[in-house]
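Asker: Here is the input, now give the coordinates:
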Amino acid sequence: MISVSHLSIQFSGFYLFNDVSFLVQKTDRIGLTGKNGAGKSTLLKILAGLQEPEKGEIAKPNELTLGYLPQEMMHQDGKNVFEETLSAFEDILKLELEVHRISDEMGSRTDIESKEYHDLMVAFNDANEQFAMQGGYLLEGETEKILLGLGFSREDFTRQTSEFSGGWRMRIELAKILLRKPDVILLDEPTNHLDIESIQWLEQFLKNYNGAIVLVSHDKVFLDTITNRTIEISLGKTYDYKASYSKYLEMRAERRALQMSAYENQQKQLKETEDFIDRFRAKATKARQVQSRVKLLDKVERIEIEDEDNSAMHFRFPEPPRSGKVAVSSTGLSKWYGEKEVLRDIGFEIERGDHVAFVGKNGEGKSTLSKILAGREPYTGELTYGHNIHIGYYAQNQAETLNSNKTVFEIIDDAATSEMRSKVRSLLGAFLFSGESVDKKVKVLSGGEKSRLALAKLLLEPINLLIMDEPTNHLDMRSKDILKEALMNYTGALVIVSHDRDFLQGLTDKVFEFKNKTIRPHLGDVYEYLKARKIENLSELERNQSAKSAAAEQKKVVEKVPEMSREEKRQLDNKVSKIEKQITAIEAKIEKSEAEIAAMEIKLAAAENYQETYKTYQTVQYRLQTEMKEWEKLNSELAEVKK
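Answerer: Numbering: from 1, shown residues only. Purely as a prediction, here's the structure:
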């Protein structure tokens, strides 16, 4: 489908790619992996046709359709969520307008015997048939399904897109791509702004997608679930593995071990040969053997060890200032956004040295409480900080707040105190910014590089209450591991919001679960919490939020009434039976209406009294739509009753 041939591109004097070639086939699910700044996002832009390589070419069929989701994008206001998402079907919507236009014109004319009217009738039939074939009558249902899967509620559909954060607007763009169903989907860090429930839904959608997928992600589970091929980008080269991410790691380690073993064996043989030549070079009796071995050495194809990029950021948080025993506590803390209540009358205590994880579904208040603790949001109730508390805050969009027109050096130098000014370059070096890279403008940095720069700012002064909201977004695998190690060695109080179970494992000693506008504390790390709650992972926690809430209410009822009485059971069975009969009846009506429509479409082509026939046709169409809505309503009602 897409052929990449001898691709080369330079950036700041070094090769991002040098003579790279590979194919993207129809059934490929490719994960692009590599360090921050290795060129993953650039490669996606080239595949999407938004950037030209210096050398080489990208060949793809003219009819090939692409869907590209970048890490950062510009948004337009003026539509609500549903309208903006429906704009994915621009061509079909234009076709629908054309159908209505022709229909209105036919309805206003009386010359039904004329050639012009007949031409209108033919145009209407063609447009209407094309509209139906392209799924025009299913647009709204498909759009609703995708938006709900990505975490929007039905109440959100009529809200203006300008009311939503960048992360939610990214979901709208993702929904538009999924609805278009292109031949190839290109996704750059699609999980950064998704909660686990939405990630799980997206995983299932992409697993069953009938097309090729090329994605950049630093979520190991997401990659393993979706991909069947991994392309590693390292030091300007690509290494292609027909395997998912975890299997690729094993294969890479095995390949390097075999390569190293072959290299060492060859080096041993070469040394023995060279020693023989040196020892007997001067002896006439050995001249023939010596010459033979010299020729042999010339013919040997030397095994080379592939270069490996072992550079990594390295840092420790400064020793935190001594604080009181309690870092922060609250009583009766509540938070409203207009008429929406987010947190209700919560109380908690975080002591010096506590490492606390905030977990739960998006929208339950994790980021809101983080902002409140950092002094970034107003609230009602009491919030008390302990003695000598110094707060450090890493927001979910921290990297986006950096001044894009400043250089890397200026960002840190401007924020540094007089004592730290002399250490700015060494600090930047610890975060892999050295030499000419410190003079780069922020706007040309990759998402991961911006995240590293934002992390570096946290080290400019000692802090003893560190609040981090999704700090692993955009970080590559190695950087995530190094950040985790630094946080595990951090002796101050830590509050961290994350959906990454691997990252949280062993990092925290308390878990605050956000649910139903309140929080519930659990002792231990995230795995101990999951074990206590008898859930396998955080994704199951988030996927079952609403179901567990209903189950809790049901449990209360069961505790009061041990089992349903015979009469209540009989009434429930009758209700289920009644709904099932109604569903059967409506399905029969739908089948009848569909048959009528099919018959009328044949009649329309040869109808003498077209106008009258078409009015009947429209009436049946509207009736079918009403019947379909009734069928959906009854099925939802049946599912609710059976719960």
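
Asker: alpha carbons only for contacts and neighbour counts from here, please
Answerer: Noted.

Asker: Could you list the low-pLDDT ranges of this protein?
Answerer: Low-confidence segments of the chain (pLDDT under 70): 12-13, 304-313, 533-567, 601-612, 614-615, 618, 622, 643.

Asker: Please list all residues in contact with the residue nearest the centre of it.
Answerer: Closest residue to the average C-alpha location of the chain: Thr191 at 1.7 Å, with CA atoms, centre = their mean. The contact partners of Thr191, by CA atoms under 8 Å, 6 or more residues apart in numbering, come to 199, 217, 219.

Asker: Helix, strand or coil: sort out Ile350 for me.
Answerer: strand (DSSP: H, G, I helix; E, B strand; the rest coil).

Asker: Quick check: it vs Glu637, distance?
Answerer: Distance of Ile350 to Glu637, given as CA to CA, to the nearest Å: 45 Å.

Asker: Equivalent analysis for Pro321, please.
Answerer: Taking CA to CA, one finds Pro321 at 59 Å from Glu637.

Asker: re the thing from before, just give me the closest of the contacts of Thr191 to Lys35.
Answerer: Ser217 (11.1 Å; CA to CA).

Asker: Would you mind giving the domain segments of this structure?
Answerer: Taking automatic domain parsing as the domain assignment, the ranges for the chain are 77-178, 250-299, 326-390+461-553, 566-642.

Asker: Asp104 belongs to a helix?
Answerer: Yes - counting by three-state DSSP, Asp104 is found in a helix.

Asker: That one and Val620, how far apart?
Answerer: 18 Å.

Asker: Now do the contacts for Gly524.
Answerer: Applying CA under 8 Å, 6+ apart, the residues near Gly524 are 508-511.

Asker: quick one: the strands in the stretch 51-200 of the chain?
Answerer: For the stretch 51-200 of the chain, the strands defined by DSSP state E, counting those that start in this stretch cover 55-59, 66-69, 184-188.

Asker: which residues touch the first one?
Answerer: With contacts defined as CA under 8 Å, 6+ apart, strand 55-59 is touched by 2-9, 19, 47.

Asker: Recalculate using a threshold of 6 Å.
Answerer: Identification of contacts with strand 55-59 by CA atoms under 6 Å, 6 or more residues apart in numbering yields 2-8.

Asker: out of the residues you listed, who's nearest Gln291?
Answerer: His6 (40.3 Å).

Asker: Wasn't that closest one part of a strand?
Answerer: Yes - assessed with three-state DSSP, His6 lies in a strand.

Asker: Can you give me every residue that contacts it?
Answerer: His6 is in contact with 19-21, 56, counting by CA under 6 Å, 6+ apart.

Asker: Arg154 too?
Answerer: Applying CA under 6 Å, 6+ apart, no residues contact Arg154.

Asker: try 8 Å
Answerer: So Arg154 contacts Leu148 (CA under 8 Å, 6+ apart).

Asker: So what's the residue count around Glu449?
Answerer: 23 (other CA atoms under 10 Å).

Asker: Neighbour count: Ile350 and Glu637, which is higher?
Answerer: Ile350 (21 against 13).

Asker: I figured that one hits Ser330, correct?
Answerer: No - using CA atoms under 8 Å, Ile350 makes no contact with Ser330, being 9.3 Å away.

Asker: Throw the domains of the chain into CSV and include distance to Leu235, thanks.
Answerer: Shown next, in CSV, are these (distance: least, CA to CA, whole Å):
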stretch, distance to Leu235
domain 77-178, 31
domain 250-299, 16
domain 326-390+461-553, 15
domain 566-642, 54
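
Asker: Deepest-packed of the ones you listed, please.
Answerer: Greatest average neighbour count among these goes to domain 326-390+461-553 (a mean of 18), per mean count of other CA atoms under 10 Å.

Asker: looking at the strands of the stretch 51-200 of the chain, which is buried most?
Answerer: Of those, strand 184-188 is the most buried (mean count of other CA under 10 Å), at a mean of 23.

Asker: List the neighbours of it that are in contact with it.
Answerer: 26, 41, 44, 48, 64-71, 177, 211-217.

Asker: and if you look at stretch 96-109?
Answerer: Contacts of stretch 96-109 (CA under 8 Å, 6+ apart): 117, 120-121, 123-124, 127-128, 131, 136, 611.

Asker: got the phi/psi numbers for Leu523?
Answerer: phi -80, psi 150 (degrees, to the nearest 10).

Asker: so how far is Asn464 from Tyr490?
Answerer: From Tyr490 to Asn464 the distance is 9 Å (CA to CA).

Asker: ok, back up a step: filter the contacts of strand 184-188 to the buried ones?
Answerer: For the contacts of strand 184-188, a burial check counting by 16 or more other CA atoms under 10 Å picks out 41, 44, 48, 66-71, 177, 211-217.

Asker: From the residues you listed, which land in helices?
Answerer: Using DSSP state H, the subset of the buried ones among the contacts of strand 184-188 located in helices is 41, 44, 177.

Asker: For the second one, which non-adjacent residue is spatially closest?
Answerer: Here the nearest residue to Leu44 in space, its sequence neighbours aside, is Leu186; by CA to CA, 6 or more residues apart in numbering that works out to 6.6 Å.

Asker: after the longest helix seen in the chain, next one along is what?
Answerer: Secondary structure of the chain per DSSP H: the longest helix is helix 566-606. Next along the chain after helix 566-606, taking DSSP states H and E as the criterion, comes helix 610-642.

Asker: helices or strands up against that following helix?
Answerer: helix 566-606 (3 or more CA pairs under 8 Å, 6 or more residues apart in numbering; DSSP states H and E).

Asker: Could you rerun that using 10 Å?
Answerer: helix 90-108, helix 115-133, helix 566-606 (3 or more CA pairs under 10 Å, 6 or more residues apart in numbering; DSSP states H and E).
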